[in-house]
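S.K.: Make a model of this:
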Amino acid sequence: GLFREVDAARKAGDSAAEAAAQEKIDNHITHVVPIIADIDAGFGNAEATYLMAKQMIEAGACCIQIENQVSDEKQCGHQDGKVTVPHEDFLAKIRAVRYAFLELGVDDGVIVARTDSLGAGLTKQIAVTNKPGDLGDQYNSFLDCEEVSPADMKNGDVVLNRDGKLLRPKRLP
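M.R.: Model (predicted):
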């Protein structure tokens, strides 16, 4: 709020008000520490993420950190076996956090969106893609796949067509 006073005084050309607001900033003492709340992967779908973010903001968080792993199988960053969600699902959760900030009147809340895509290679679902280079295609490019021919395919296999090659995402045993 004090910085907004300085900005308003500058905009109005009122140097005395600007100096007074700057004096308040320079001599401001607070014992309030900004809280960064790490809500992992959002604890469910976008609605659950919204509700969790809202609770954290009500408790004083000015920043929410979220990552793109699946909520129910989350792994620590240093462990193998991370499973991510498609970009569209992650963006829905980021928007949910933003809506929580806006609903509670926090216009300048910070969102730290972290990805485990480079360290994952596994997905709980294949992203929908309509054309090369779209969000779904970009997400699917991170999947750990093996090339297969129609003769190699088994009943129930899911395959991707990437650059004219049939690719089967690897599955955990």
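
S.K.: Assign residue 30 to helix, strand or coil.
M.R.: Residue 30 carries the three-state label coil when classified by DSSP: H, G, I helix; E, B strand; the rest coil.

S.K.: repeat for residue 108
M.R.: Looking at residue 108 with three-state DSSP, the answer is coil.

S.K.: any idea how far it is from residue 162?
M.R.: Counting by CB to CB, to the nearest Å, the gap from residue 108 to residue 162 is 41 Å. The C-beta positions use only the backbone N, C-alpha and C, and glycine is treated the same way.

S.K.: okay, the two: which has more neighbours?
M.R.: Between residue 108 and residue 162, counted using other CB atoms under 10 Å, residue 162 has the larger neighbour count: 16 against 6.

S.K.: What's opposite that one in the beta bridge?
M.R.: On the basis of DSSP bridges, residue 162 is bridged to residue 165.

S.K.: Quick one: residues contacting it.
M.R.: Residue 162 sits next to 140-141, 145 when contact means CB atoms under 8 Å, 6 or more residues apart in numbering.

S.K.: Residue 33 too?
M.R.: With contact set as CB under 8 Å, 6+ apart, residue 33 has no partners.

S.K.: What helix or strand is it located in?
M.R.: Under the criterion of DSSP states H and E, residue 33 resides outside all helices and strands.

S.K.: Which parts of the helix ranked longest in the chain count as buried, going by neighbours?
M.R.: Of all the segments assigned as helix in the chain under DSSP state H, the longest by residue count is helix 87-103. Applying a neighbour-count criterion of 16 or more other CB atoms under 10 Å, the buried positions in helix 87-103 are 87, 89-90, 92-94, 96-98, 100-101.
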